[in-house]
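Asks: Predicted model and sequence follow; I will ask about them next.
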Amino acid sequence: TRLYSEEDLVVILTSSTIKQSLLNSSTAWLVQFYSSWCGHCIQYSPTWKALGGDVKDWEQAMRIGVLDCAQENNFDICKDFGVHFYPTFRYFKARNPAFDVGQTYRGTDREPQTVRQLMINFIQNQTKQECPATCPGLEPSSSKNILSLIGQKSSQYTAIIVENEDSYVGREVILDLMTYRGLTVKRALSSDKLLVEKLGVKSFPSAYLLHPNGTHGILDVQKRLRFFFSSFLKLLPGVYRKNFSGATPEPLLKGPQGFGNLDAWKDFEKSKVYMADLESGLHYLLRVELATHQTLVGEELSTFKDFVTVVAKLFPGRQSVVKLLETLLEWLVSLPLKKIPYDAILDLVNNKMRISEMFLSDQLQWVGCQGTRVGLRGYPCSMWTLFHVLTVQAARRPDALANTGLEENPKAVLQTMRRYIVNFFGCQECGKHFEEMAAESLPQVKSLDEAVLWLWRKHNQVNRRLAGTMSEDPNFPKTQWPSPDLCPTCHEEQDGIHVWNDDKVLVFLKQHYGAANISPKHLRSNHLEAPATNGAPKPKPEMLVVPEDKPNELLPGNTVVSKSLPLNANRAKLSGVERAGQDTGVHSDIRPGVTFLGLGFSSVDMSLCVVLYAFSCVFLMFMFFFFRVRSKRWKVRYNRPYV
Ligand SMILES: Cc1cc2nc3c(=O)[nH]c(=O)nc-3n(C[C@H](O)[C@H](O)[C@H](O)COP(=O)(O)OP(=O)(O)OC[C@H]3O[C@@H](n4cnc5c(N)ncnc54)[C@H](O)[C@@H]3O)c2cc1C
């Protein structure tokens, strides 16, 4: 097996690519010549991969490569480079016009922090000679230079890292941000007394930020570490990745005019999950994505059944949506068919039987998943969100899948997701990549908590792969999530490399994707928030608003419905930590109404049954006495003694 794969953030070089890559390269290179049979190389590979990920944003200044000298077709090239021992580390200058065997690193300390600092020294030394235009200035700025910028308006931010002379943090942050625009990062030394005094910086390293509007101040980060500074700066509004293929990203404007034919921008908090995204995702999945399949049969049908089982049991949604999912599940379970036409499922999703209080909006309403333009974010964002919510629900309510056949399996949600993505997810490439990741590491998941963490880790792997590509919305850059502002305790540094504190991440994920953190804001229900009424009387609470222009669209056929459908909003008792969600219209563990033979009955239906039952009893008793009296009369008539 190969030590490095395409998924790793290092360039895999071969005999046919190495010379071409190094010759006249626009960037410098650090290449590890290794041998796949050398034990030390095997042990060292995770460190090298971690380093590759750590300095991914530096790739316009220096790239990290590997070449396997144990591979037969690489024998000659390793000889050409004079590689005798493994691993051998070589630095190569940028813009080298002739073949060069590179500069060997002979040090014994191969810890990432040391290697990274050596990379910086190499880039910095190069800068003086022939560094390409893309190479950033790593020398400290003078106080004169910086003080002249203070209070000035500018088209971009300027961040200044003030640090001790032997610190590398400033240079690391400069390199981390070199592929971003809208911001310049400079470094200054703590020995520059005038500057330190003017800026009021007391501890080192510290970051000072000059805003485009002329305001300025010390950057308030939870930990004064490279990762915290870099993450904060990358997420500033108006700061975008330079190599974003769409050239000029649109500014994030608020209001309808900012988005052409898109709906008005909806304000949201990134620390929340939005029910509108989850419901919109379910609507798209059930009515659009799956509807392209005429019939469900075999693996597709069993995947669909498992998917419906998992969402029906775990979706912490509104009562009307959960009822729809449960009805769908009961219907699927009660009909052991080998083949189901999707139209039949659609009829149920569209509630053709007109079962009361069962409803899934057919409007797309993205909130936390809004994209800056059409085609960005939306449905795939809601898919991730839905499955994070489901893994967290499964971990919080381990009994929820009881009697479904999935209760013993801690990977049930992930396996369902995997099968859904492979069989139905419209983006085939996504399915292929996801399948590769799942095949490699899903079997190692042994508990419900590990399942939550697995999905988080894999999602971050996808984020890393997609950062800077066309599917990235420039206003929502793909970063390693959660960023330090969302969860400061999730981040740590070990030997100079950023590491996650998995325990803290798990706690954070359970809180973030827990039912109590799901906001009903912008949902098409006004039971919490009345929409702007422009002077018109407010609709009654507990009503689900049917759009004015599509009054009949929610129920199929010619059924005429009133413009408001009563919604028996969820007010059942919630337990423990989920209780906070009780005002959010969010369903926690409530199983509403009565279901029989796959049909749901509301309290009105039940009352009607009771009234009819009582009425028939009275009617039968009346008939009984009526005939009894008649038969007595008849007997008297025909038993006359004189006959
Ligand atoms: C299974 C799957 C595979 C995909 N593969 C590809 C692919 O190969 N190529 C491609 O171009 N697109 C792929 N996509 C789409 C892509 O991942 C994004 O969903 C899409 O580009 C929209 O991105 P976004 O900015 O809305 O954030 P998303 O990545 O969709 O994330 C949605 C939200 O989840 C939260 N989040 C971010 N990271 C994490 C994390 N690690 N853990 C928990 N929550 C997190 C954030 O709040 C974020 O806003 C895939 C989608 C899915 C569901």
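Replies: Structure received.
Asks: Just give me the neighbour total for the one residue in the stretch 51-200 of the chain that gets nearest to the ligand.
Replies: The ligand sits closest to Gly53 of the stretch 51-200 of the chain, with a gap of 13.9 Å, by Cβ to the nearest ligand atom. Every C-beta, even on glycine, is put in place using the N, C-alpha and C of the backbone. With neighbours defined by other Cβ atoms under 10 Å, the count for Gly53 comes to 18.
Asks: ditto for the one 3 residues further on
Replies: Counted with other Cβ under 10 Å, the neighbours of Lys56 add up to 17.
Asks: Please verify my assumption that it contacts Asp8.
Replies: No. If you go by Cβ atoms under 8 Å, Lys56 and Asp8 don't touch, sitting 10.7 Å apart.
Asks: which parts of the helix or strand containing the residue of the stretch 51-200 of the chain closest to the ligand are buried?
Replies: Remark: Gly53 resides in helix 39-54, with elements defined by DSSP states H and E. For helix 39-54, a neighbour-count test (16 or more other Cβ atoms under 10 Å) marks Cys41, Tyr44, Ser45, Trp48, Lys49, Ala50, Leu51, Gly52, Gly53, Asp54 as buried.
Asks: can you give me the strands in the stretch 251-400 of the chain?
Replies: Secondary structure of the stretch 251-400 of the chain by DSSP state E, counting those that start in this stretch: the strands cover 273-274, 295-297, 339-341.
Asks: count of residues packed around the residue nearest to Asp57 when sequence neighbours are not counted?
Replies: Using Cβ to Cβ, 6 or more residues apart in numbering and skipping residues adjacent in sequence, the residue nearest Asp57 is Asp176, 5.0 Å away. Per other Cβ under 10 Å, the neighbour tally for Asp176 reads 22.
Asks: Leu314 now?
Replies: Neighbour number of Leu314 under other Cβ under 10 Å is 24.
Asks: do the same with Tyr91
Replies: 20.
Asks: Could you look up the SS state of it?
Replies: strand (DSSP: H, G, I helix; E, B strand; the rest coil).
Asks: got a list of what the residue nearest to it when sequence neighbours are not counted touches?
Replies: Excluding the flanking residues, the one nearest Tyr91 by Cβ to Cβ, 6+ apart is Gln103, at 4.5 Å. Residues in contact with Gln103 (Cβ atoms under 8 Å, 6 or more residues apart in numbering) are Arg90, Tyr91, Phe92, Phe122.
Asks: got the CA positions of the helix holding Gly53 in CSV?
Replies: In CSV, the C-alpha atoms belonging to helix 39-54 read as follows (Å, rounded to 0.1, in the frame of the first residue of the first chain):
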residue,chain,number,x,y,z
GLY,A,39,9.9,1.7,8.9
HIS,A,40,10.9,5.2,10.0
CYS,A,41,9.3,6.6,6.8
ILE,A,42,6.1,4.8,7.6
GLN,A,43,6.1,6.2,11.2
TYR,A,44,6.9,9.6,10.0
SER,A,45,4.2,9.8,7.3
PRO,A,46,1.4,11.1,9.6
THR,A,47,3.6,14.0,10.7
TRP,A,48,4.4,14.9,7.0
LYS,A,49,0.7,14.8,6.1
ALA,A,50,-0.1,17.0,9.1
LEU,A,51,2.6,19.4,8.0
GLY,A,52,1.1,19.4,4.4
GLY,A,53,-2.3,20.4,5.9
ASP,A,54,-0.7,22.9,8.2
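Asks: where do the strands sit along the stretch 51-200 of the chain?
Replies: 62-68, 88-92, 103-105, 157-163, 180-181, 183-189.
Asks: where does the residue nearest to Tyr91 land on pLDDT?
Replies: For Gln103, the model assigns a pLDDT of 94.
Asks: Pick out the lowest-pLDDT one from the contacts of Gln103.
Replies: Minimum pLDDT across these falls on Phe122, with 92.
Asks: wait, doesn't that one sit right on Ala28?
Replies: Yes. Counting by Cβ under 8 Å, Phe122 does reach Ala28; the two are 6.4 Å apart.
Asks: anything in contact with each of those two?
Replies: Residues touching both Phe122 and Ala28 by Cβ under 8 Å, 6+ apart: Met62, Tyr91.
Asks: more neighbours, those two?
Replies: Neighbour count, other Cβ under 10 Å: between Phe122 and Ala28, Ala28 has more, with 23 against 20.
Asks: quick one, phi/psi of that one?
Replies: With angles defined as degrees, to the nearest 10, Ala28 shows backbone torsions of phi -80, psi 170.
Asks: Kindly report the same for the one 5 residues further on.
Replies: Recorded main-chain torsions at Phe33 are phi -90, psi 120, according to degrees, to the nearest 10.
Asks: and it, how many neighbours?
Replies: Neighbours of Phe33 under the rule other Cβ under 10 Å: 27.
Asks: how close does it sit to the ligand?
Replies: 31 Å (Cβ to the nearest ligand atom, to the nearest Å).
Asks: my read: that residue touches Tyr86, true?
Replies: Yes. Taking Cβ under 8 Å as the definition, Phe33 is a contact partner of Tyr86 at 6.7 Å.
Asks: so what sits against both of those two?
Replies: Jointly contacting Phe33 and Tyr86 under the rule Cβ under 8 Å, 6+ apart are Cys69.
Asks: At the contact with the ligand, which residues of this structure appear?
Replies: 369, 377, 380-381, 383-385, 388, 421, 427, 429-430, 433-434, 456, 459-460, 462-463, 466, 471, 473, 476, 481 (Cβ under 6 Å from any ligand atom).
Asks: Give me the subset of those lying in helices.
Replies: 380-381, 383-385, 388, 421, 429-430, 433-434, 456, 459-460, 462-463, 466 (DSSP state H).
Asks: Weed out the non-buried ones from the residues you listed.
Replies: Applying 16+ other Cβ under 10 Å to these flags 380-381, 383-385, 388, 421, 430, 433-434, 456, 459-460, 462-463 as buried.
Asks: Most proximal residue of the stretch 1-150 of the chain with respect to the ligand?
Replies: Across the stretch 1-150 of the chain, no residue is closer to the ligand than Glu7, which sits at 11.2 Å (Cβ to the nearest ligand atom).
Asks: Could you pull up the contacting residues of that residue?
Replies: Glu436, Met437, Gln461, Arg465.
Asks: Model confidence at it, what's the number?
Replies: At Glu7, the model reports a pLDDT of 81.
Asks: Give me the phi and psi for it.
Replies: Taking degrees, to the nearest 10, you get phi -70, psi -20 for the backbone angles of Glu7.
Asks: residues contacting the residue most central in space within the chain?
Replies: Among the residues of the chain, the one closest to the centroid is Trp384, at 4.6 Å (Cα atoms, centre = their mean). Residues in contact with Trp384, defined by Cβ under 8 Å, 6+ apart, are His459.
Asks: Asp277 versus that one, what's the distance?
Replies: According to Cβ to Cβ, to the nearest Å, Trp384 and Asp277 sit 10 Å apart.
Asks: Equivalent analysis for Asp449, please.
Replies: For Asp449, the distance to Asp277 - Cβ to Cβ - is 24 Å.
Asks: One more: Leu612?
Replies: 43 Å.
Asks: and these two? which has more neighbours close in?
Replies: Per other Cβ under 10 Å, whichever of Leu612 and Asp277 has more neighbours is Asp277, with 30 against 10.
Asks: Is that one in contact with Val389, as I believe?
Replies: No. Between Asp277 and Val389 there is no contact under Cβ under 8 Å: 9.9 Å.
Asks: tell me the contacts of the closest residue to Ser441 other than its chain neighbours?
Replies: With Cβ to Cβ, 6+ apart as the criterion, Ser441 has its nearest non-adjacent residue at 7.0 Å, and that residue is Trp454. Counting by Cβ under 8 Å, 6+ apart, Trp454 touches Leu414, Ser441, Leu442, Val445.
Asks: what's the spacing between Trp454 and Gln480?
Replies: For Trp454, the distance to Gln480 equals 16 Å [Cβ to Cβ].
Asks: Same question for Asp57.
Replies: Separation of Asp57 from Gln480 (Cβ to Cβ): 11 Å.
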